[in-house]
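>>> have a look; sequence and predicted model below, questions after that.
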Amino acid sequence: MTEFARKNILITGGACGIGRQMALRMAREGGNLILWDIHQANLEKARREVGDVAGRDVHGYVCDVSDREAVYATAEKVRQEVGPVDILVNNAGVVSGKPFLDLPDEKIEATFKVNVLGLFWVTKAFLPHMVERNEGHVVNIASSAGFVGVSRLTDYSASKFAAVGFDESLRNELRRVAPKVRTTVVCPFFIDTGMFAGAKTRFSFLLPILKEVDVADAVVKAVKADRARLMMPPMVYLVPPLRLLPVKVFDAVADVLGVNVSMDEFVGRAKA
């Protein structure tokens, strides 16, 4: 079991959405929260809110996880000012939500820099201490789009497939060199954080738009239980076995569920 009390817990993208919600919950259980975010104003607000819950100061650092040198420099500040990180939550992410041919090159690059390379830089910065002690937990917030490619999410789906693969490979490496360092990959359907504003679902009883508070609760429980994978809602667990079907049948099932029209009215957080 992973405990939060008296543990240094770092959450990237911790100023809003499920990052903020997870921080609030982990603080209530005695965790020492360290929030990273790219937005200073949001970070300060979240730091105060989480600090009120924790009853003590919460550390906040402005950091762009896509910038390798910034990540390493900020990680060194954390080690000097707070100490080693016990639980790392890779939560920062971006989405474009455009058809492939409408995606500007710089948007594609940004998606991979944040959603994929950010995982590498942040984890590489903090994992050595966990391996040395053979204790720690790395949580990777991926997506159900990391198991099924979705129309208008070519860059996002590809980045989340990469995140799922990253977590799986890392988990198997750690089983050999530091078996008490755990990983958890989280693969939710759309969440009502605003990041996917405008996204729709055809059958809400099967694939509901998830509430950020419910996702945060589920992630915290999964981490405490050392679960290797959390998929939400339960329908998402059917995706891997459905891949045994012929491609045309698999695509037809996705079409019936409305998966490939779910992003047709997407506007995203900025426009929302």
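On my side now, so go ahead.

>>> residue ranges of the helices in the protein, please?
17-28, 40-54, 68-81, 105-112, 118-133, 154-177, 212-224, 239-242, 247-256, 268-271 (DSSP state H).

>>> now do the contacts for residue 226.
Going by C-beta atoms under 8 Å, 6 or more residues apart in numbering, residue 226 touches 1-2, 137, 182, 184. The C-beta positions use only the backbone N, C-alpha and C, and glycine is treated the same way.

>>> equivalent analysis for residue 144, please.
Residue 144 neighbours (C-beta under 8 Å, 6+ apart): 187-189, 231-232, 236, 239.

>>> circling back: need the helices of the chain in a markdown table (columns: distance to residue 97 and mean pLDDT).
As requested, those are exported to a markdown table (distance: least, C-beta to C-beta, whole Å; pLDDT from 0 to 100):
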| stretch | distance to residue 97 | mean pLDDT |
| --- | --- | --- |
| helix 17-28 | 16 | 98 |
| helix 40-54 | 21 | 96 |
| helix 68-81 | 26 | 98 |
| helix 105-112 | 10 | 98 |
| helix 118-133 | 19 | 98 |
| helix 154-177 | 7 | 98 |
| helix 212-224 | 18 | 98 |
| helix 239-242 | 20 | 96 |
| helix 247-256 | 17 | 97 |
| helix 268-271 | 6 | 72 |
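
>>> save those as TSV, and put in mean neighbour count and distance to residue 204 too.
Shown next, in TSV, are the helices of the chain (neighbours: other C-beta atoms under 10 Å; distance: least, C-beta to C-beta, whole Å):
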stretch	mean neighbour count	distance to residue 204
helix 17-28	24	20
helix 40-54	17	29
helix 68-81	15	38
helix 105-112	14	27
helix 118-133	19	31
helix 154-177	18	22
helix 212-224	19	14
helix 239-242	12	18
helix 247-256	13	15
helix 268-271	12	21
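
>>> CSV for those, including distance to residue 11?
Output for the helices of the chain, formatted as CSV (distance: least, C-beta to C-beta, whole Å):
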stretch, distance to residue 11
helix 17-28, 5
helix 40-54, 9
helix 68-81, 12
helix 105-112, 20
helix 118-133, 10
helix 154-177, 16
helix 212-224, 10
helix 239-242, 27
helix 247-256, 32
helix 268-271, 18
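
>>> so which of the ones you listed gets nearest residue 201?
Of all these, helix 247-256 sits nearest to residue 201, with 12.6 Å by C-beta to C-beta.

>>> helices and strands around the closest one, which ones?
Other helices and strands packing on helix 247-256, by 3 or more C-beta pairs under 8 Å, 6 or more residues apart in numbering; DSSP states H and E, are absent; none qualifies.

>>> show me what it is in contact with.
148, 242-243, 245, 260.
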